[in-house]
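*Asks:* Next comes the sequence, and after it the predicted model I'd like to discuss.
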Amino acid sequence: MAECDLSESVPRGAQAMATGFLVFLPNPARYAANYAFRTKMVALCLAIGFQFLTYRKLIRSGAAESGSPRNIMVACCSLTSWFLVGWAGRAIAFLG
């Protein structure tokens with residue numbers, strides 16, 4: 001498995017956050033009242049926390065090469081959290 005390299009992902013994440021803020025800026029009250037937006041923000045915080053606390057720790061430990069049940073669970077949790085962020089982002093337009 002590849003080493004955990006953040007040289008490209010950090011600038012892309014910063015760009016995504018900056019553009020997301022620009023979308024939010026014109027009408028913050030509308031987004032704050034949207035249940036899907038709040039769900040996305042909570043899911044985003046959880047996904048980022050999981051990424052930096054659990055997933056990176058597993059990658060750096062070198063144990064990521066094995067197909068143990070723990071590693072499979074960590075991968076499933078990571079995928080689920082990021083899919084939830086994406087799903088909630090799409091739901092903002094339909095539920096707001």
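*Replies:* Arrived safely.
*Asks:* Report the secondary structure element holding Cys45.
*Replies:* helix 35-50 (DSSP states H and E).
*Asks:* Leu58 now?
*Replies:* helix 56-61.
*Asks:* re the thing from before, averaged over its residues, what pLDDT does the helix holding Cys45 have?
*Replies:* Across helix 35-50, the average pLDDT comes to 92.
*Asks:* Packing partners of that helix?
*Replies:* Counting contacts by 3 or more CB pairs under 8 Å, 6 or more residues apart in numbering; DSSP states H and E, helix 35-50 packs against helix 69-95. C-beta: built from backbone N, CA, C; applies to glycine.
*Asks:* angle of the helix it packs on against helix 35-50?
*Replies:* Between helix 69-95 and helix 35-50, the angle comes out at 160 degrees (axes from the mean of the first three to the mean of the last three CA atoms, to 10 degrees).
*Asks:* Could you list the buried residues of helix 69-95?
*Replies:* Residues of helix 69-95 classed as buried by neighbour count (16 or more other CB atoms under 10 Å): 74, 78, 81-82, 84-85, 88-89, 91-92.
*Asks:* residues contacting the residue of the chain most remote from its centre?
*Replies:* Here the centre of the chain is the reference, and by CA atoms, centre = their mean the most remote residue is Ser66, at 24.1 Å. By CB atoms under 8 Å, 6 or more residues apart in numbering, the contact list for Ser66 is empty.
*Asks:* Quick one: find the helix or strand in this protein with the lowest mean pLDDT.
*Replies:* helix 56-61 (a mean of 75; mean pLDDT, DSSP states H and E).
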